[in-house]
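Student: Any chance you could fold what I've pasted below:
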Amino acid sequence: MLKRETITIPVGNKTLKLETGKIARQANGSVMLHCGDTVVFASACAAPTASAEIDFFPLRVDYQEKYSSVGRTAAGFIKREGRPTEKEILTSRLIDRPLRPMFEDGYYNEVQLLAYVFSYDGQNQPDVLAICAASAALVISDIPLVKPIGAVRMGMIDGAFVVNPTVDEMKNSKLDLVLAGTEDAILMIEGFCDFLTEEQVLQAIDMGQKAIHDFCHQLKSWREKVGKPKNLNTLRKIPHEVNTAVHAAAATLLDSALRISSKQDREKALAEIKETVISTLLPEGEQPKHSKVDVLLSYKNLQSSLMRKMVLTEKKRIDGRGLADIRHIDIEQSILPRTHGSSLFTRGETQSLAVCTLGGENTAQRFEDLHGEGQQRFYLQYFFPPFSVGEVGRIGSPGRREIGHGKLAERAIAATLPKQEEFPYVIRLESNITESNGSSSMASVCGGCLALMDAGVPIKRPVSGIAMGLILEGSDYVVLSDILGAEDALGDMDFKVTGDHEGITAFQMDIKVEGITPKIMREALMQAKKGRQHILEKMLNVCPKSKEEMSVYAPRIETMQIKPSKIGIVIGPGGKQIRSIIEETGVQIDINDSGLVSIASTNPDAMEKAKAIIYSLTAEAEIGKIYKGKIVSIVQFGCFVEIFPGKEGLCHISELSTKRIQNIHDAPYKEGDTLEVKVIDINDRGQIRLSHRAVLEETATR
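Tutor: Residues are numbered from 1 along each chain as shown. The predicted structure is shown next:
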């Protein structure tokens, strides 16, 4: 039986407790991580051997939040956890991204990482804990992970940075930054903020890195105590003679092909060279001297090496641009006549057709997570059809990449949206990628922002986005602006930054190697700032501000505030009252818990009628205010006047005229007449005293 082992590691003002040897003892490695009453389990398993035909590292990561962790079951018909939610997909990506580059070169065994939230206290967020738990499971296993990984979340509350803030603390934070890395370097950044400066972002990263350093140092010591010996027997290295043969067959041809600026022409030439190498080194009908997998891996490494050398030594990129040059940008607004807002944003060979759709509350995106059910009033959905890269492929539900790219663009734009009170619409953005060669997510930010402006959404500040790259060899490096797909695949960094001239709204960084210094990161951020400013200027030249008028095809929405205590009156028993208003007017009505009523309609008269009905149901008489009411009954001492439905007051005979009236029947009024009255008193029982005389006197003095 495995011995149970425990370690406690302080991170920020929290303490993480990691246990192993108690649960899932047949896995290569497993860890239960505790923080407060949040408990996250992670397991790491690897296949004993690697397929001889595989030429990539098959890592699979799945994260799942159990509803039982908060003492609940799912709200839908199916009570069993099944298809992953958007949050679970995004967290799986967060775990994958920093761990993937840290496995030993040549390791091709299939690896599966599973993470489950078994207990959640509602405060200590489980996503960063899952990264730490998965790393710990790998660290103590025999799976060859090079170094431990740690992760933290950084918040900025009242101007101060906080490590691993609670859920309640994050409600007041201007920053939501997840960092992951080793004892010595950052490998992954995912962050969103409210227009923070580059300096503030760098400060947050520096503070987070120190916390990660301490965690990884402790995890390293724990590995020495309880970890299994690493299994390096299955590592597959490319034989020297294969590299020599591939270099001789392809180096000269590749050097020329990599200088072709057009993506399609370049890829056609590269495909022909690849076929030449295969036919030369693996001739049909003969016993091959080399493994096909080794030949293809060597070919890919040679292609990467030549591209990197060209950039580092010649300062020249494969499409002929300089290091900081941005590709040509073309923008067309209102390209789709019947949509509420649209924009075609083209940057080089990357193109996004962005569409904005405005709607009422019933168009919000509903979701369910460990905090309960909710809805998003703004959401961006990203579509990446195979024709965008000239290929044939599957069409169906979005993959993890599409979910991740869409969420990055969504949160980049969210910081610039108006408040609900200013613009009561639910906003759906879609980014249709119709062409792709480098950073379609940043094209989605630019196109999405332009589509919002075309739809007449009064955004606070337009934002743009840019993707940066890096080539690093020892101490020699270059930072690249607006990277191509090949520069992303063969380079060392993919660093996306969004914002305006002054501040940042989102940033995402993935690094394939250690060695990114604060100096390099600062240089990348400053070069990115110049790039996004250049792109933003191009956007503003075409669309300097949001349209004053919305599309005639967009619904009109108006809001009115009622007291929360009046919500039940508007809804009525079983929803009878609100259904009656909707049937009578044809509008759409939504009421939130604060009493904010949203009325949506394409008919202005129907809108006004619905507002009048709701006002009449919820209005309260105010002393000193004048109302046009209807006489509902006449009695000996005066008459009762209905100033709005359900609200009557007494206009005493002495208040009916400026002259004395002896007999009520001498007054020139009858039931059903309209009478203008002023509220002169409301007693403790809510009874209302009205005066027509006061109205007459005010009129006479004007």
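
Student: which residues of the stretch 401-550 of the chain score low on pLDDT?
Tutor: Of all residues in the stretch 401-550 of the chain, those with pLDDT under 70 make up the ranges 515.

Student: Please enumerate the helices of it.
Tutor: Counting by DSSP state H, counting those that start in this stretch, the stretch 401-550 of the chain has helices at residues 440-454, 485-490, 518-542.

Student: likewise the stretch 201-350 of the chain?
Tutor: Going by DSSP H, counting those that start in this stretch, the stretch 201-350 of the chain shows helices at 240-257, 263-281, 292-314.

Student: Of all those helices, which one comes closest to T618?
Tutor: For the helices of the stretch 201-350 of the chain, the distance to T618 is smallest for helix 263-281, at 60.9 Å, taking Cβ to Cβ. For glycine as for every other residue, the C-beta is placed from the backbone atoms N, C-alpha and C.

Student: Just the residues contacting the closest one, thanks.
Tutor: 245-246, 249-250, 253-254, 256-258, 260, 288-290, 292, 295-296, 299, 303, 318-319, 349, 390, 437, 484-485 (Cβ atoms under 8 Å, 6 or more residues apart in numbering).

Student: filter those residues to the buried ones?
Tutor: 245-246, 249-250, 253-254, 257-258, 260, 290, 295-296, 299, 303, 318-319, 349, 437, 484-485 (16 or more other Cβ atoms under 10 Å).

Student: right, so of the helices of the stretch 201-350 of the chain, which gets closest to A134?
Tutor: So among the helices of the stretch 201-350 of the chain, helix 292-314 is nearest, using Cβ to Cβ, at 26.7 Å.

Student: how about the helices in the stretch 51-200 of the chain?
Tutor: Using DSSP H, counting those that start in this stretch, helices in the stretch 51-200 of the chain cover 86-99, 126-140, 167-170, 198-226.

Student: Comparing these, which comes out most buried?
Tutor: helix 126-140 (a mean of 28; mean count of other Cβ atoms under 10 Å).

Student: For T498, grab the count of nearby residues.
Tutor: 28 (other Cβ atoms under 10 Å).

Student: In contact with it, which residues are there?
Tutor: A412, M442, V445, V463, S464, G465, I466, I504, T505, A506, F507, R532.

Student: Generate TSV for those, with neighbour count as supplementary columns.
Tutor: Shown next, in TSV, are those (neighbours: other Cβ atoms under 10 Å):
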residue	neighbour count
A412	30
M442	32
V445	32
V463	27
S464	28
G465	30
I466	28
I504	27
T505	24
A506	27
F507	26
R532	27
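
Student: Can you tell me which of these is nearest C543?
Tutor: Set against C543, the nearest of the contacts of T498 by Cβ to Cβ is S464 (11.9 Å).

Student: The spatially most central residue of the chain: what's its closest spatial neighbour, skipping adjacent residues?
Tutor: Central residue of the chain (Cα atoms, centre = their mean): K407, 3.2 Å from the mean position. Closest residue in space to K407, ignoring its immediate chain neighbours: L90 at 5.9 Å, by Cβ to Cβ, 6 or more residues apart in numbering.

Student: Give me the pLDDT for that neighbour.
Tutor: Model confidence at L90, given as pLDDT, is 94.

Student: Tell me how far it lies from I591.
Tutor: The gap separating L90 from I591 is 31 Å, by Cβ to Cβ, to the nearest Å.

Student: which residues of the stretch 601-702 of the chain fall in helices?
Tutor: Under DSSP H, counting those that start in this stretch, the stretch 601-702 of the chain gives helices at 604-618, 693-701.

Student: pLDDT of the last one, averaged?
Tutor: What helix 693-701 shows for mean pLDDT is 87.

Student: mind saving the C-alpha coords of that helix as CSV?
Tutor: The C-alpha coordinates for helix 693-701 follow below in CSV (Å, rounded to 0.1, in the frame of the first residue of the first chain):
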residue,chain,number,x,y,z
ARG,A,693,-59.6,74.5,-6.2
ALA,A,694,-55.8,74.4,-5.8
VAL,A,695,-55.4,73.8,-9.5
LEU,A,696,-57.7,76.6,-10.4
GLU,A,697,-55.8,79.0,-8.1
GLU,A,698,-52.5,78.1,-9.6
THR,A,699,-53.8,78.6,-13.1
ALA,A,700,-55.2,82.0,-12.1
THR,A,701,-51.9,83.3,-10.8
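
Student: Now do it: which elements does it pack against?
Tutor: When contacts are defined as 3 or more Cβ pairs under 8 Å, 6 or more residues apart in numbering; DSSP states H and E, helix 693-701 packs onto strand 674-682.

Student: close enough to count as contact, the residue nearest to K407 and G406?
Tutor: No. Contact between L90 and G406 fails when scored by Cβ atoms under 8 Å: they sit 10.0 Å apart.

Student: Tally up the residues packed near the closest residue to G36 other than its chain neighbours, please.
Tutor: Nearest non-adjacent residue to G36, counting by Cβ to Cβ, 6+ apart: N124, 4.4 Å away. Here the number of neighbours of N124 (other Cβ under 10 Å) works out to 21.

Student: H652 now?
Tutor: Look at H652: counted by other Cβ under 10 Å, it has 15 neighbours.

Student: So what sits opposite it in the bridge?
Tutor: G638 (DSSP bridges).

Student: Now for it: which residues touch it?
Tutor: F637, G638, R689.

Student: what number of residues lie near T38?
Tutor: 21.

Student: now it, nearest residue through space, not along the chain?
Tutor: Closest to T38 by Cβ to Cβ, 6+ apart is N124, at 4.1 Å.

Student: What residues does that neighbour make contact with?
Tutor: Neighbours of N124 in contact, by Cβ under 8 Å, 6+ apart: K14, C35, G36, D37, T38, N164, T166.

Student: just these now: which is nearest K230?
Tutor: Nearest to K230 among the contacts of N124, with distances taken as Cβ to Cβ, is C35, at 27.8 Å.

Student: Thank you, goodbye.
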